[in-house]
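Enquirer: show me how the following folds:
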Amino acid sequence: MPRPAFAALLLAVLAAAPAQAATIHIAGDSTAATYEARRYPQTGWGQMLHCALDDTVTVRNHARGGRSTRTFINEGRLDRIAEEIKPGDTLLIQFGHNDANTVKIERYADPMGAYRSNLARMIAVARSAGAQPVLITPVIRRNWKDGRVQADFTPWSNAARQLARELNVPLIDLEQDSRKWVEAAGEEGSKRYFLHYTAADAVPAFPKGIDDDTHFSEIGARGIAEIVARDLKALGLPVSQHILADRPDLARTTPLGRAECH
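Expert: Residues are numbered from 1 along each chain as shown. Predicted coordinates for the structure are as follows:
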């Protein structure tokens, strides 16, 4: 076969080949975690993120409830990510809620001490594997005061922002963006984003009712996943081109009744 014809054939084959599959790994806490069906309507934003992606990207959600950067690492969860992560993957890193816990002291990580160094360690794991780390500031709680939503983890958010600048790591400022989203819904309207149910609602997972301003309902998790997807697309990273332009499954305003895309 003449060389020009062979080159043309090779280009055609490469163009027709499917894009190499990549994985988004999530390191985080209960706000991002995946929950069993029996826990519905409690849903983590990481559980819904796959609804924003094309079929060449999968999500490996390592986030677990109650984990801080300290306990996530001490339990070997970062080691498992290091074993799995590969070139072309993305590591989303969101901690802070449990790092701020001074009651369960085993979780606590000083924002400018252990928290910062633990985030840097996670970044290094991604980079050493040829993957892309992305820092995410702690998602907001529904903590209203004087008509505004309060940021409960500002020292940890500021530490993440500073580290992102110093290490040239892309940042999603979820604290800021989720705060705007919750405020837009209003003090009463934003309850539907979180776990607010009475016994009369007859929710099997919470038969006595629940008032939880930290963890998300199905609609809340979809909304936070939409914010993460939107911001990740705007970063212009390799994974950004695999985020769907239209994300109706995350834009739902009424519950589907299950933590699935549709």
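
Enquirer: just the pLDDT for Leu14.
Expert: You'll see Leu14 listed with a pLDDT of 39.

Enquirer: what number of residues are in the vicinity of Gln94?
Expert: 25 (other CB atoms under 10 Å). Using the backbone N, CA and C atoms, a C-beta is placed for each residue, glycine as well.

Enquirer: separation between it and Asn61?
Expert: Distance, Gln94 to Asn61, using CB to CB, to the nearest Å: 11 Å.

Enquirer: any idea how far the nearest residue to Phe95 once chain neighbours are set aside is from Val103?
Expert: Nearest non-adjacent residue to Phe95, counting by CB to CB, 6 or more residues apart in numbering: Thr69, 4.7 Å away. Noted for Thr69: a distance of 17 Å to Val103, by CB to CB.

Enquirer: the two: who's more crowded?
Expert: Taking Thr69 and Val103 together and counting by other CB under 10 Å, Thr69 has the greater number of neighbours (28 against 6).

Enquirer: hang on, the earlier thing: who touches both of Gln94 and Asn61?
Expert: Taking CB atoms under 8 Å, 6 or more residues apart in numbering as the criterion, Gln94 and Asn61 both touch 26, 32.

Enquirer: mind listing what's buried in the longest helix anywhere in the chain?
Expert: Selection of the longest helix in the chain by residue count, based on DSSP state H, yields helix 218-234. Using 16 or more other CB atoms under 10 Å as the test for burial, helix 218-234 gives 218-229, 231-233.

Enquirer: between those, which sits nearest Asn118?
Expert: Val228 (20.8 Å; CB to CB).

Enquirer: wait, the closest one sits on Ile93?
Expert: No. With contact defined as CB atoms under 8 Å, Val228 does not reach Ile93; the gap is 11.9 Å.

Enquirer: give me the common contacts of the two.
Expert: The contact lists of Val228 and Ile93 share Ile136, where a contact means CB under 8 Å, 6+ apart.

Enquirer: look up phi and psi at the residue lying closest to Ala205 once chain neighbours are set aside.
Expert: Closest residue to Ala205 apart from its sequence neighbours, by CB to CB, 6+ apart: Arg39 at 5.4 Å. Main-chain torsions, Arg39, degrees, to the nearest 10: phi -90, psi -10.

Enquirer: any idea how far Arg39 lies from Val203?
Expert: 10 Å.

Enquirer: can you check Gly66 too?
Expert: Taken as CB to CB, the span from Gly66 to Val203 is 22 Å.

Enquirer: which one's more surrounded, these two?
Expert: Each of Gly66 and Val203 has its neighbours counted (other CB under 10 Å); Val203 has more, 18 against 14.

Enquirer: tell me the contacts of that one?
Expert: Contact analysis of Val203 by CB under 8 Å, 6+ apart lists 41, 197, 209-210.

Enquirer: for Pro138, give me its contacts.
Expert: Taking CB under 8 Å, 6+ apart, we find Pro138 in contact with 94-97, 152-153, 156-157, 160, 174-175.

Enquirer: which of those fall in strands?
Expert: Gln94 (DSSP state E).

Enquirer: counting neighbours, which of the contacts of Pro138 comes out on top?
Expert: That'd be Phe95 among the contacts of Pro138, by other CB under 10 Å, with 31 neighbours.

Enquirer: what pLDDT does it get?
Expert: 98.

Enquirer: swap in Leu244?
Expert: For Leu244, the model assigns a pLDDT of 97.

Enquirer: cool, and Ala21?
Expert: Reading off the model, Ala21 has pLDDT 77.

Enquirer: number of residues surrounding it?
Expert: Ala21 has 12 nearby residues by other CB under 10 Å.

Enquirer: against Thr90, how distant is the residue lying closest to it once chain neighbours are set aside?
Expert: Distances taken as CB to CB, 6+ apart put Thr56 closest to Ala21, at 5.6 Å, once the chain neighbours are dropped. Using CB to CB, Thr56 is found at 13 Å from Thr90.
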